[in-house]
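Peer 1: Structure for the following, please:
(2 chains)
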Amino acid sequence: MLSRIVREKWFAIASFIVLIIGAWYLFALLMNGNQLVKNYERRNMDWTISSVVAEAYQVKRPMLPAPHQVIDELYNTVFDTRITSKRSLVFHTLITLQSTLLGFLLGTALGILIAVGIVHNRTLEASLMPWVIASQSIPILAIAPMIVVVLGAVGLTGLVPKSIISMYLSFFPVTIGMVKGLRSADRLHMELLHTYSANAHQLFWTLRWFSAQPYLFASLKVGIAAALVGAIVGELPTGAQGGLGARLLSGSYYGQTTQIWSALFMAALLGSVLVWLVSLAEKVLLRRRGLAHE
Amino acid sequence: MLAVESSVTESTQADPGTAKRTMIGVKGLSLVFETNDGPVNALSDINLDIQEGEFVSLIGPSGCGKTTLLRVIADLEQQTDGSITVNGTTPEDARLNRLYGYVFQASALLPWRTIQQNCALPMEISGQSTEHQNKQIDKYLSMVGLNDFHKKYPWQLSGGMQQRASIARALCIEPDLLLMDEPFGALDEITRDHMNVELLKIWEQTQKTVVFVTHSISEAVMLSTRIVVMSPRPGRVVSVIDSPLPKMKHLGLRDTEAFHALSAQIRAALAHEHAID
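Peer 2: Residues are numbered from 1 along each chain as shown, chains lettered A, B, ... in the order given. Okay, the predicted model is just below:
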């Protein structure tokens, strides 16, 4: 019974992947083929369906690279290039990772700080919450260049402005989650501590903080993914020489679609790994604290 | 319509011969909850004196305000009329003086703390030394029969064990006033009997004042020196019965004439009020 379910699950996942790859090859053929046919006709060359199909998957600068081209590019730039080289995708990934992690740490700290303030002070909630929400309705692409310029004026370039942009995106889910989490303490537990005459400080460190942990981790997962997006966006207007964002930008300047796609794949992979790491930390910590059990 | 028969409160008197202090003094106390469906008279004109060292049970059907009265004593609710003193002060001051050990219907253990850490909680808050904490924890965990469970988490214990741990937690601070809100309500009868005996032993050893909320007649008779019978709509005291049984009781007492007579008396008091209702 169980093995059947597992088999079916794997079957479903496998079919889905096959479907996506199939569709991808189909679209690559249609988009690149269309381009090729136009070229042939402009030059009055003869062409057959089979020659178009053969060529569509090997164009140097395709409209849409085929999956194997992207994997080729990924393999070359990850394994066949020295890490210190600017052609290495690992080199660029590490640069982005650096600002992602710094931005994530700053964002988490800021998010928790704001949430603590909001939970303990009604005035702070009324005055701060609208700004917190407004901050997220401004497109990050509009505000990122300003952050870069302003920080550049005071001599901060490189890692810091990128991390600030990353923080700007990642603090929000942490604030929202923690406000909810810090208020999620069980009523019975609150009353128990009331009968002990616990003060606000004790209430926070014995009850609120722990009650908020499951919410915190849910927020951190969203936060670290947002931090990655922030770091990549931050690399676009900085004219950064490195990072996945710079890779995307130079790819689009020079029509290197394969480079763009491989950078996107790397970003997706990096995001998955980061979220997975947060989940892992969640499992270990919550289990140790007896918060997660069957 | 409600007050056709004014609530007859038997005069409460201190044990003759013993000049004990009044621990809790309740005079003309009323509490009205404002709800969307209009005001609810949770407590109406309650008069009650509880002496130091007494074991008083509040008994009555649900909605009679027995838990509410306990919560007023513990400063978890405020009365809308009348007065209450605890140890000569307001409930708030009594709470700030850390007089209370409150045991809820659910164990209310913090799931992220071990049993030991849970028991340490009230002592951490009142700023006791770690040494003193450990001494108290060892003493009271063994008193409730949880000797080897210091490092266990609440979810690793059965419901009865969790409740015992929560009683140990309340006892660790050796409160002058132990307030218990149907602490054994969720337990099976066998465990409950056992817990009743244990609680009596602890009460005898510590000589503290206990106010105990229950809806079980036999539990009230088994434990109490005095039984306060309450009735709903509005929540009021209909009868206060002094127990003729010895302070220390054992399970065998339950088959005696005196036990049955007292049970019958409580049952009659409860039924009488229901007939009016």
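Peer 1: make it CA atoms for all contacts and neighbour counts henceforth
Peer 2: OK.
Peer 1: mind listing what's buried in the lowest-mean-pLDDT helix or strand in chain A?
Peer 2: When each helix and strand of chain A is scored by mean pLDDT, DSSP states H and E, helix A:49-56 comes last, with a mean of 84. If you call a residue buried by 16 or more other C-alpha atoms under 10 Å in any protein chain shown, then helix A:49-56 has these buried ones: A:52-53, A:56.
Peer 1: Same check on stretch A:28-48?
Peer 2: Buried residues in stretch A:28-48, counted by 16+ other C-alpha under 10 Å: A:28-33, A:36-37.
Peer 1: Give me the subset of these lying in helices.
Peer 2: Among the buried residues of stretch A:28-48, the members found in helices (DSSP state H) are A:28-33, A:36-37.
Peer 1: For stretch A:137-154, give me every contacting residue.
Peer 2: For stretch A:137-154, the external contacting residues (C-alpha atoms under 8 Å, 6 or more residues apart in numbering or on different chains) are A:157, A:161-162, A:164-165, A:169, A:230, A:233-234, A:237-238.
Peer 1: any chance of the buried residues of helix A:49-56 in TSV, plus distance to B:A258?
Peer 2: Formatted as TSV, the buried residues of helix A:49-56 follow (distance: C-alpha to C-alpha, whole Å):
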residue	distance to B:A258
A:V52	104
A:V53	101
A:A56	100
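Peer 1: Tell me which residues of stretch B:121-141 come out buried.
Peer 2: For stretch B:121-141, the buried set under the neighbour-count rule, 16+ other C-alpha under 10 Å, comprises B:121-125, B:133-134, B:136-138, B:140-141.
Peer 1: Narrow those to those in helices?
Peer 2: Using DSSP H, those in helices are B:121-125, B:133-134, B:136-138, B:140-141.
Peer 1: sorry, back to before: which single one of the contacts of stretch A:137-154 is nearest to chain B?
Peer 2: Nearest to chain B among those is A:L169, at 30.9 Å by C-alpha to the nearest C-alpha.
Peer 1: what residue ranges in the chain score low on pLDDT?
Peer 2: If you meant another chain, say so; for now it's chain A. For chain A, residues meeting the criterion pLDDT under 70 lie at A:1-2, A:238-240, A:289-294.
Peer 1: That was the other one, I meant chain B.
Peer 2: Filtered on pLDDT under 70, chain B yields the residue ranges B:1-19, B:273-277.
Peer 1: Contact residues of it facing chain A?
Peer 2: Contact residues (C-alpha under 8 Å from any C-alpha of the partner chain) of chain B with chain A: B:74-76, B:95-96, B:98, B:100-102, B:108-113, B:122, B:125-126, B:153.
Peer 1: Quick check: bridge partners of the residue most central in space within chain B?
Peer 2: Centroid check for chain B by C-alpha atoms, centre = their mean gives B:F212 as the closest residue, at 2.1 Å. Listed by DSSP bridges, the beta-bridge partners for B:F212 are B:S57, B:M180.
Peer 1: That one and B:I50 touch, don't they?
Peer 2: No - under the criterion of C-alpha atoms under 8 Å, B:F212 is not in contact with B:I50, lying 11.9 Å apart.
Peer 1: Identify the residue spatially nearest to B:W155, adjacent ones excluded.
Peer 2: Excluding the flanking residues, the one nearest B:W155 by C-alpha to C-alpha, 6 or more residues apart in numbering or on different chains is B:P111, at 7.1 Å.
Peer 1: if we can go back for a sec, return the closest of the buried residues of helix A:49-56 with respect to A:A185.
Peer 2: A:A56 (59.9 Å; C-alpha to C-alpha).
Peer 1: got a list of what the closest one touches?
Peer 2: Contacts for A:A56 (C-alpha under 8 Å, 6+ apart) come out as A:28-29, A:32-33, A:36, A:62.
Peer 1: Would you tell me which residues of the stretch 101-250 of chain A are close to chain B?
Peer 2: So the stretch 101-250 of chain A meets chain B at A:188-189, A:191-198, A:202, A:210 (C-alpha under 8 Å from any C-alpha).
Peer 1: The residue lying closest to B:K151 once chain neighbours are set aside: how many residues sit nearby?
Peer 2: Leaving aside its sequence neighbours, B:K151 sits nearest to B:T114 (C-alpha to C-alpha, 6+ apart; 5.4 Å). Look at B:T114: counted by other C-alpha atoms under 10 Å in any protein chain shown, it has 21 neighbours.
Peer 1: A:S279 too?
Peer 2: 16.
Peer 1: ok, so what distance separates it from A:A218?
Peer 2: As judged by C-alpha to C-alpha, to the nearest Å, A:S279 and A:A218 stand 9 Å apart.
Peer 1: Point me to the residue of the stretch 101-250 of chain B nearest chain A.
Peer 2: Distances between the stretch 101-250 of chain B and chain A by C-alpha to the nearest C-alpha are smallest at B:W112, namely 4.6 Å.
Peer 1: tell me the secondary structure for that residue?
Peer 2: Three-state call for B:W112 (DSSP: H, G, I helix; E, B strand; the rest coil): coil.
Peer 1: So which of the buried residues of stretch A:28-48 is the closest to B:V26?
Peer 2: The shortest approach to B:V26 among the buried residues of stretch A:28-48 belongs to A:A28, at 84.3 Å (C-alpha to C-alpha).
Peer 1: Give me the phi and psi angles of A:Q256.
Peer 2: Main-chain torsions, A:Q256, degrees, to the nearest 10: phi -90, psi 80.
Peer 1: residues in contact with it?
Peer 2: So A:Q256 contacts A:61, A:250 (C-alpha under 8 Å, 6+ apart).
Peer 1: can you check B:V103 too?
Peer 2: With contacts defined as C-alpha under 8 Å, 6+ apart, the neighbours of B:V103 are B:166-167, B:170, B:178-181, B:183.
Peer 1: what's the answer for A:G230, then?
Peer 2: Contacts of A:G230 were listed using C-alpha under 8 Å, 6+ apart, and they are A:100, A:140, A:162-163, A:165-170.
Peer 1: and it, backbone torsions?
Peer 2: Note on A:G230: its backbone torsions stand at phi -60, psi -40 [degrees, to the nearest 10].
Peer 1: likewise B:D93?
Peer 2: Residue torsions, per degrees, to the nearest 10, at B:D93 are phi -60, psi -40.
Peer 1: ok so, going back, of all pairs in the contacts of stretch A:137-154, which one is the farthest apart?
Peer 2: Greatest spatial distance among the contacts of stretch A:137-154 (C-alpha to C-alpha): A:T157 and A:L169, at 18.9 Å.
Peer 1: Neighbour count: these two, which is higher?
Peer 2: Taking other C-alpha under 10 Å, A:T157 and A:L169 do not tie; A:L169 has more neighbours (27 against 16).
Peer 1: which ones are touching B:L70?
Peer 2: B:179, B:181, B:211, B:213.
Peer 1: repeat that for 6 Å
Peer 2: For B:L70, no contacting residues are found, by C-alpha atoms under 6 Å, 6 or more residues apart in numbering or on different chains.
Peer 1: Same check on the one 10 residues further on?
Peer 2: B:T80 is in contact with B:30-31, counting by C-alpha under 6 Å, 6+ apart.
Peer 1: what do you get if the cut-off is 10 Å, keeping everything else the same?
Peer 2: B:29-33, B:43-44 (C-alpha atoms under 10 Å, 6 or more residues apart in numbering or on different chains).
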